[in-house]
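Student: sequence and computational prediction follow.
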Amino acid sequence: MRTIEPLKEPLHKEITVPGDKSISHRAIMLASISDKIVEIKNFLTGADCLSTIECMKALGVEIERTGSRVLVKGRGLNGLSEPKDILNAGNSGTTLRLLTGLLSGQNFLTTFTGDESLRRRPMDRIIKPLTKMGAAIAGRRDKYLPLTILPKGNLQGIEYKMPVASAQVKSAILLAGLYATGKTTVIEPATCRDHTEKMLRGFGVAIEKSGNAITLSPPRRLDAPNTIEIPGDISSAAYWIVLATCLDGSEVLIKNVGINETRTGIIDVMRQMGGRIELINKRTSGGEPLADLKVTSSKLHGVEIGGEMIPRLIDEIPIIAVAAAFAEGTTTISGVEELRVKESDRLAAIVEEYNKVTTGYEATDDTLKIFGGHKWRRAQCKTRGDHRLAMSLAVMGMLAEGVTLDNTDCIKISYPNFL
């Protein structure tokens, strides 16, 4: 149990958030199949990214970590070896989905498992396209963990039109494409996170983009940079953005935040609601844009969010839903059925848990409505083992009348020192 008390004074702080979770995963994986020793700085030491390190070690890669600095001794594109045991992805859907793509073209057998939450999450979205490429993948009830990838060798490049925008599915296909004969093309219904494409280019892989189509030509080797510096995670910054916006008289400066345009939906939506967010000291590191975010408290109003915006802020919806409760009027977020199959059923969790703190949350299968301006009350809430739900409820408690959370250990997944 952890009790979060309400903040009585405005927030004036300079904040540094952990390294970007998505980029940390990808840096470890690609460095591992390069033929160099790669230094990774500002690596996120959350549980999910540590799961990726442990999986790569089990595949024969030498990795040394000192705090947020990681040295990876790459084994080359075809240098991974068969693990001696089942690989455990923990709670990390990114580890599981991306590595399933990476390992689909290997000449050895791999079996994955994960925690209780991950074992409930369907994997058919990646199994279908990878099977079309020639991969042999078997899972419980054809789509759940444990998942076994059978030895295969070269895959065949395909053109795949994704039914739903998903950076993890896109990345799994592109990573499998590294081991394919011929080009691999993924067509997105809407632009989603492009960290994989950016980092593959940084490793010398030929990636072409035409409209919503991304085409990868398989390389002979990966030409890795000597050093990769991970920008601060905008998903982690989102909690401070909302806290400072909604707490009267506050102003915070959040340093070194990644502002990749496929991830900045949280900034666009908060500005649309009336939030004041200024991007200063813009720069680039490792192909990824960064800036310092100056956030000043503001009066918010309800908005409608949907369409191509959703892939750009899917992980930030729990904290946007907190901001919406402090806004005047109604906020409608549509096209968010993917939240039903995250670490928890996030739509159901938001409605049930947030309504304990206030009232005004309603959901259908794919839409969340928040009616702002209702009264607050002190409450006991369940985090459901979901790190983003836990942190959002903590911010809600600080802004309202306080909240007691049943379990906050899950926060270590993405933001170990958040509390």
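Tutor: Cool, got the structure. Numbering: from 1, shown residues only.
Student: and the helices in the stretch 101-250 of the chain?
Tutor: Using DSSP state H, counting those that start in this stretch, the helices of the stretch 101-250 of the chain run over residues 116-119, 124-132, 167-177, 195-202, 234-246.
Student: now the third one against helix 124-132, angle please.
Tutor: Helix 167-177 runs at 20 degrees relative to helix 124-132, counting by axes from the mean of the first three to the mean of the last three Cα atoms, to 10 degrees.
Student: okay, angle between helix 167-177 and helix 195-202 too, please.
Tutor: 30 degrees.
Student: tell me which residues are up against helix 167-177.
Tutor: 22, 26, 29, 93-94, 97-98, 100-102, 104-105, 125-126, 129-130, 133, 135, 155, 157-158, 160, 162, 183-184, 186, 188, 192-197, 200, 207, 214, 216, 218, 262, 311 (Cβ atoms under 8 Å, 6 or more residues apart in numbering). No exception for glycine: its C-beta is placed from N, CA and C like everyone else's.
Student: name only those of the residues you listed that count as buried.
Tutor: 22, 26, 29, 93-94, 97-98, 100-102, 104-105, 125-126, 129-130, 133, 135, 155, 157-158, 160, 162, 184, 186, 188, 192-197, 200, 207, 214, 216, 218, 262, 311 (16 or more other Cβ atoms under 10 Å).
Student: which of these fall within strands?
Tutor: 155, 160, 184, 186, 207, 214, 216 (DSSP state E).
Student: reformat these as JSON lines; add pLDDT and distance to residue 223.
Tutor: Below are these laid out as JSON lines (pLDDT from 0 to 100; distance: Cβ to Cβ, whole Å):
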{"residue": "155", "pLDDT": "97", "distance to residue 223": "22"}
{"residue": "160", "pLDDT": "98", "distance to residue 223": "26"}
{"residue": "184", "pLDDT": "98", "distance to residue 223": "19"}
{"residue": "186", "pLDDT": "98", "distance to residue 223": "22"}
{"residue": "207", "pLDDT": "97", "distance to residue 223": "13"}
{"residue": "214", "pLDDT": "98", "distance to residue 223": "20"}
{"residue": "216", "pLDDT": "98", "distance to residue 223": "15"}
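Student: wait, which of these is closest to residue 359?
Tutor: Closest to residue 359 out of those is residue 186 (42.3 Å), distances taken as Cβ to Cβ.
Student: who are the contact partners of the closest one?
Tutor: Per Cβ under 8 Å, 6+ apart, neighbours of residue 186: 160, 162, 170, 173-174, 213-214.
Student: between those, which sits nearest residue 405?
Tutor: Nearest member of these to residue 405, counting by Cβ to Cβ, is residue 170, at 33.7 Å.
Student: what helix or strand is residue 365 on?
Tutor: Following DSSP states H and E, there is no helix or strand that holds residue 365.
Student: pretty sure residue 229 contacts residue 43?
Tutor: No. With contacts counted by Cβ atoms under 8 Å, residue 229 stays clear of residue 43, the gap being 9.7 Å.
Student: ok, the two, which is more surrounded?
Tutor: residue 43 (27 against 18; other Cβ atoms under 10 Å).
Student: checking that one next. Helix, strand or coil?
Tutor: Using DSSP: H, G, I helix; E, B strand; the rest coil, the structure places residue 43 in coil.
Student: list the contacts of it.
Tutor: 19, 24, 27-28, 49, 65, 68-70, 230.
Student: please repeat the previous calculation with a cut-off of 10 Å.
Tutor: 18-20, 23-25, 27-28, 49-50, 53, 65, 67-70, 72, 228-230 (Cβ atoms under 10 Å, 6 or more residues apart in numbering).
Student: same question, residue 234
Tutor: Applying Cβ under 10 Å, 6+ apart, the residues contacting residue 234 are 17, 20, 22, 241, 254, 257-260, 263-267, 290-291, 293, 313, 315-316.
Student: show me those residues that map onto strands.
Tutor: Those of those lying in strands (DSSP E): 254, 257-258, 290-291, 293.
Student: show the pLDDT at residue 338.
Tutor: We have a pLDDT of 86 for residue 338.
Student: so it sits in a helix?
Tutor: Yes. Assessed with three-state DSSP, residue 338 lies in a helix.
Student: that one - how many residues pack around it?
Tutor: 18.
Student: isn't it up against residue 166?
Tutor: Yes. Counting by Cβ atoms under 10 Å, residue 166 is a contact partner of residue 338 at 7.6 Å.
Student: hey, what's in contact with both of those two?
Tutor: In contact with both residue 338 and residue 166: 125, 311, 314, using Cβ under 10 Å, 6+ apart.
Student: closest one to residue 382 out of the residues you listed, please.
Tutor: residue 314 (21.8 Å).
Student: so what's that closest one closest to, chain neighbours aside?
Tutor: Closest residue in space to residue 314, ignoring its immediate chain neighbours: residue 338 at 6.2 Å, by Cβ to Cβ, 6 or more residues apart in numbering.
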